[in-house]
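>>> Here is a sequence with its predicted model. Questions after.
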Amino acid sequence: MNNNQTIEKLREMRLTAMSELHLQHVKNNSYNDLTPDEYLAILTDHEWEDRQNRKTGRLLRQAGFRQKASVADINYAEPRNLEKNMFHRLATLDFIVKKQNIIINGASGCGKSYLSQALGHQACLMGYKVCYTNTSRLLSMLKLSKVDGTYLTELKKLARVDLLILDDFGLQAFDNHAREALMDITDDRYNEKSTIVSSQIPVKAWYDLFGGEGTLADAFLDRLVNSSHRINLKGESMRKGILKEE
């Protein structure tokens, strides 16, 4: 057997991790004590783990998170109406499987962004495609995309992600362009994909954000809110302390 040729063939087939591990074993002569089946299994597992790690890294980069948030680092000691068992159930990501949504409400600094990004990070680890975005920034981008003719393309990109996270939702009332864009996004994702919305504005006040467009408001709330899990955070801003969260 010509090991150099084997290594080159593995590289040409883009089995890079497998080729590098095989090269190490050849140099160290450390594979003689293994059966062919055992050795093949070791190489295969190494290649598979390397690809999974690269996929996870790619998903995390593409998600556009603002913070390195983790479910394991969430602070449950702070009195802010965050129930640990409930959040851990959400972190199983069963809501994504069921195409359900999550709405996180609370005052500035309560940790809304951190919690939403922690769930998004968990989704990336599980192989889901995630998009995290500031709501106002997203709506501004979509408004510009109507001018340059890329609006439908941008909508398709959003429709393909398994989990869309809309942060800082409703800080300003929506104009006509924003209302239409939100309806298009919601229509595309309804019963198909999951969305997390974090907002300082209570859900009962969202109707007013649509500026009197009652029909659009009703349709939006019906599609998003009725199929959602609700987290209503309370208490003072957590930014006053030295904490990992928002």
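Here it is on my side, so go on.

>>> Quickly list the domain ranges of the protein.
Under the assignment named as automatic domain parsing, the residue ranges that make up the domains of the chain are 3-62, 64-240.

>>> Least confident of those domains, on average?
Taking each of the domains of the chain in turn, the one with the lowest mean pLDDT is domain 3-62, at a mean of 80.

>>> If Ile196 is in a bridge, with which residues?
Ile102, Ile165 (DSSP bridges).

>>> Against Asp187, how distant is it?
Taking CB to CB, to the nearest Å as the measure, Ile196 and Asp187 are separated by 18 Å. All C-beta atoms are positioned from the backbone trio N, CA, C, and that covers glycine.

>>> neighbour count winner among these two?
Set side by side, Ile196 and Asp187 give different neighbour counts by other CB atoms under 10 Å, the larger being at Ile196 (29 against 14).

>>> For Met183, which residues are in contact?
In this structure, Met183 makes contact with Leu216, Ala219, Phe220, judged by CB atoms under 8 Å, 6 or more residues apart in numbering.

>>> ok, 10 Å please
Contacts for Met183 were tallied using CB atoms under 10 Å, 6 or more residues apart in numbering; they are Phe210, Glu213, Thr215, Leu216, Ala217, Ala219, Phe220, Arg223.

>>> for this structure, what spans make up the strands?
Ranges of strands within the chain are 101-105, 130-134, 163-167, 194-199, 228-232, based on DSSP state E.

>>> Let's have these in CSV, adding distance to Gly64.
Rendered in CSV, the data for these read as follows (distance: least, CB to CB, whole Å):
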stretch, distance to Gly64
strand 101-105, 18
strand 130-134, 5
strand 163-167, 9
strand 194-199, 14
strand 228-232, 22
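
>>> And those: which comes nearest Asn29?
strand 130-134 (44.5 Å; CB to CB).

>>> in its sheet, what does the closest one sit against?
Strand pairing for strand 130-134, determined by DSSP bridges: strand 163-167 (parallel).

>>> Flag every buried residue along whichever helix in the chain runs longest.
Ordering each helix of the chain by length in residues (DSSP state H) puts helix 36-63 first. If you call a residue buried by 16 or more other CB atoms under 10 Å, then helix 36-63 has these buried ones: Tyr39, Ile42, Leu43, His46, Glu47, Asp50, Leu59, Leu60, Ala63.

>>> which one of the residues you listed sits closest to Ile165?
Checking these against Ile165 by CB to CB gives Ala63 as the nearest, at 8.2 Å.

>>> is the closest residue to the closest one other than its chain neighbours in a bridge, and if so with what?
Closest residue to Ala63 in three dimensions, ignoring its sequence neighbours and counting by CB to CB, 6 or more residues apart in numbering: Val130, at 4.2 Å. When bridges are taken as DSSP bridges, the partners of Val130 come out as Leu163.

>>> Make sure Val130 is actually in contact with Thr56.
No - taking contact to mean CB atoms under 10 Å, the distance of 11.2 Å between Val130 and Thr56 leaves them out of contact.

>>> Residues that sit against both of those two, list them.
Here Val130 and Thr56 share the contacting residues His121, Cys124, scored by CB under 10 Å, 6+ apart.

>>> Comparing the domains of the chain, which comes out most buried?
Among the domains of the chain, ranked by average contacts under mean count of other CB atoms under 10 Å, first place goes to domain 64-240 (a mean of 17).
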